[in-house]
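Visitor: okay, predicted coordinates and the sequence, questions at the end:
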Amino acid sequence: MLLTGLLGCLAAAPAWAQESEGVYEDEEVKAAFIYHFATFVEWPPAGEGRVDFRVAVIGDDLVAAELERFLPGRDIGGRPMRVERLDSLDELGEVDVLYVGAGYDGRLAQVAAVVGDRPVLIVTDAPDALSEGSMINFEVVDERVRFEISLTAAQRAGLDLSSRLLSAAMFVDTQSALPRVSGTPTIMAALL
Amino acid sequence: MPNAMTGSVRRKVIVIILITSFVALLVSMVALLSYEAQAYRSFLINDLTTQAEILAVNSVPALAFNDPDAAQTNVDLLGNRTGITAAAIYTKDGGLFASYRSGEYTGALPERGELREPVVEGSALKLFHPIVNNGVTLGTVYLQASYALGGRIADYLLILGATMAASLAVAALLSLWLQRSVTAPISAVTGIAQKIVDERNFNLRASRTTDDEIGTLVDAFNAMLGEVGERQRDLEATNEKLKAESDERRKAEDALRLANQRKDEFLATLAHELRNPLAPMVNSLALLELPGTPPETGRRARGIIERQLSHMVRLIEDLLDVSRISQGKLTIHREQVDLALVLRNAIDTVRPLLEAKDQQLIAGLPQTPVYLQGDAVRLSQVFSNLLNNASKYTADGGRIGIATAIADGRAEVTVSDNGRGITPATLDVMFEMFVQDASADQRGQAGLGVGLALAKRLVEMHGGEIRAASEGCGKGSTFTVTMPVDVAAALPAAEEGKRREFAGRERYRILLVDDNVDFATTMAMLLRNLGHEVAVAHDAPEALAAAVPFRPDFAFLDIGLPTMDGYELARKLSDTLAHSQARNVKLVAISGWGQKEDRRRADAAGFGWYLVKPVDLDSIRAILDALPAVSAEPVAPRARI
């Protein structure tokens, strides 16, 4: 056991070096963020017969690869996490998180439309994506990956985002879309 | 401390209370501090863990989304808390993510974040806490707080010290107040005990004020005092008694010494007095034996011998009486006697002395008969002693008076003289035995100093009393004898009887047996002078031979005869005479021995009387006059030959 621990430490040593030098790839960071986003959301009960927690990725193979490497072994509320690579929106089935990478060539508004009012957390990596119906959007500021949130969009989808998530956000938009839920103005007022 | 325990109870009580309080407080203090030392650490760890937990939770987004600024804000916020000297957040890889150090923090932060047990290093408590999100460890929180146990203990010590001082002060005050109820009664008892020792007053009592053991002690103390007081009184009483007894004994010793001294003086006087008459008697005898002594000279010589002899006889009589008094054997023979006869006998006895000194006697005898119950011979002795005394202490040619008076059923006889008188000092002691006026006129008539003592005793035996009075030296003296009169006997018939008794005598034939020829001869002469017929024998055969033809009425037998003793002779004589004659002979024993055994043997041999030598003529006369014979006790021997 001790030996294993020591070996583990030695094996981990290069990773620290990497970290301390700040040489994370943005994809790697984004993949981790996506996982963390999921942990700050209060998820509605899963659909009938479905156990696993599905993260669908479209338009960013690198991030998908990172996620495939990162997610196995992790879970949300006891549901093991799984990655699904999508080539097109048509392939979108029952998922919990949909990441639309920068490489997605379609219109974001269409994505929102396809998803509709299903409780799917839509994460994007495109400027002004929030106005297109995205809920969380990556943005790199000063070579650091940051994100902004559209609380309105999330609420419209029936997803409650933790305030701790909001506190980490660079920007939280509560007006980019018309409220669909009666409780929203109150929340908005509280946030303002 | 040993000093403190040697003081008063009061002090000891205070010391005990203070020590007890001190120890109790000390134990409490140690327990409190031990607990505090333990509790402080747990408390601090718990507190710090809570802080770390909050920081960890708050730092999850910062770590999750790689936001060091947010983490820094959280850490800074925590850093403002007092007591936390350093805080840091490490990433899951161990790298420092955010950190805070207070101004007082001097050490370095751990280089890498890793989970470790809380540890105290120096004055710092170091604690690591994991940052977990969704079951995934994101990093580590590191907190460091000042671990000021020493200071805290010091603070506690200060507080406890102050508390202890205050407690002890309060305890001391309380004990001062409380111990009064304990020590005040003890002090009271102690005070009383000291007072008793100082004053020796066992009547003091301690007052009981409490119902506890001290109250019991007070009761016991008081009971003890009572006991001690009782014993003290007993002891004093015993001492008093012993002192009185000792005084009495000393007095008795003095009296004995005095008596002994007087006896010595008496013996000296006796020897002197007995020898004094011898010279004139020897000279007179020599004169009588000289051929051609003129008859007148011979008569004077015989007179001298007679006077000297009678003086010697009186001395010896007195001597015998002294012996009887000292042995308590002096007895009187009670009968009815006429006072006038008694006094006349006494006067007859002293008349030669009065004539020799040419003294005048004025006698006032009772004109009518006055009868007394008493011993005629002894009463005569009393008055002859008084008269003899008066004559002795009165100069030649002086006056001596004797008078009688009857008053209140008592006869009073006064003997007075105009002699030299008696000093008051002598008056006190003159009736004691052997007391004699040292400056008495001797003239060969000094006496033995027993006359007055004898007279006093004899008067008292007759139920009377004797007093002496004198107005001082040269003024003469007066002796008064008072005795009860025998009222019942004042009858003419009795008077007649008495007269006959003294006057009339029968004539008897008397056989006198004694181997002492002189005694036998003189006795025979005396008896013949009394008018009796006398036959003399000097031994038993002679007596037996003489008895039959003589037919004696009385036989006076000496017990100590040669060849056959008096007892044997008495029996033979009785037998012989019983055959030859009708009349019984009356046997009288004459012996030198007066023991009870001798008297018993005489009784058994048939003797009717028992006389002890020297034989008193009166006794013989009493027997011959057929006066009531006393069988066991013979008439006291009085030799007035």
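Guide: Looks like it came in fine. Numbers count the residues shown, from 1 in each chain, chains lettered A, B, ... in the order given.

Visitor: so where's the chain uncertain?
Guide: Going with chain A. Applying pLDDT under 70 to chain A flags the ranges A:1-24, A:176-192.

Visitor: wrong one, I was asking about chain B
Guide: Looking at chain B by pLDDT under 70, you get B:1-7, B:104-106, B:436-448, B:488-506, B:581-583, B:626-641.

Visitor: which bits of it sit near chain A?
Guide: Within chain B, the positions adjacent to chain A are B:58, B:60-62, B:64-67, B:70, B:91, B:93-95, B:133-136 by CB under 8 Å from any CB of the partner chain. Quick note: C-beta positions are derived from backbone N, CA and C, even for glycine.

Visitor: the residues you listed in strands, which ones?
Guide: Using DSSP state E, the subset of the residues of chain B next to chain A located in strands is B:91, B:133, B:136.

Visitor: packing partners of the helix or strand where residue B:28 lies?
Guide: Following DSSP states H and E, one finds residue B:28 within helix B:9-64. Other helices and strands packing on helix B:9-64, by 3 or more CB pairs under 8 Å, 6 or more residues apart in numbering or on different chains; DSSP states H and E, are helix A:26-39, helix A:163-168, helix B:68-79, strand B:84-91, strand B:96-101, strand B:124-133, strand B:136-146, helix B:149-199.

Visitor: reformat those as CSV; add distance to residue B:591.
Guide: Compiled in CSV, the helices and strands packed on helix B:9-64 are given as follows (distance: least, CB to CB, whole Å):
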stretch, distance to residue B:591
helix A:26-39, 166
helix A:163-168, 164
helix B:68-79, 154
strand B:84-91, 148
strand B:96-101, 155
strand B:124-133, 142
strand B:136-146, 142
helix B:149-199, 75
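
Visitor: so of these, which one's packed in deepest?
Guide: strand B:84-91 (a mean of 24; mean count of other CB atoms under 10 Å in any protein chain shown).

Visitor: other SSEs contacting that strand?
Guide: helix B:9-64, helix B:68-79, strand B:96-101, strand B:136-146.

Visitor: out of those, nearest to residue B:258?
Guide: The minimum distance between residue B:258 and the helices and strands packed on strand B:84-91 falls on helix B:9-64, with 65.1 Å, by CB to CB.

Visitor: tilt between that closest one and helix A:26-39?
Guide: Using axes from the mean of the first three to the mean of the last three CA atoms, to 10 degrees, the direction of helix B:9-64 lies 120 degrees away from that of helix A:26-39.

Visitor: from the chain's centroid, how far away is helix B:9-64?
Guide: From the chain centre to the centre of helix B:9-64 is a distance of 84 Å (CA atoms, centre = their mean, to the nearest Å).

Visitor: report the buried residues of stretch B:403-410.
Guide: Buried residues in stretch B:403-410, counting neighbours by 16 or more other CB atoms under 10 Å in any protein chain shown, are found at B:403, B:404.

Visitor: and the contacts of that stretch?
Guide: Here stretch B:403-410 makes contact (CB atoms under 8 Å, 6 or more residues apart in numbering or on different chains) with B:339, B:343, B:363-366, B:370, B:411-414, B:416, B:464, B:482-485, B:487.

Visitor: and if you look at stretch B:511-524?
Guide: Against stretch B:511-524 from outside (CB under 8 Å, 6+ apart): B:527, B:534-540, B:542-543, B:546-547, B:550, B:552, B:554-558, B:560-562, B:566, B:569, B:585, B:590, B:615, B:641.

Visitor: appreciated, that's everything.
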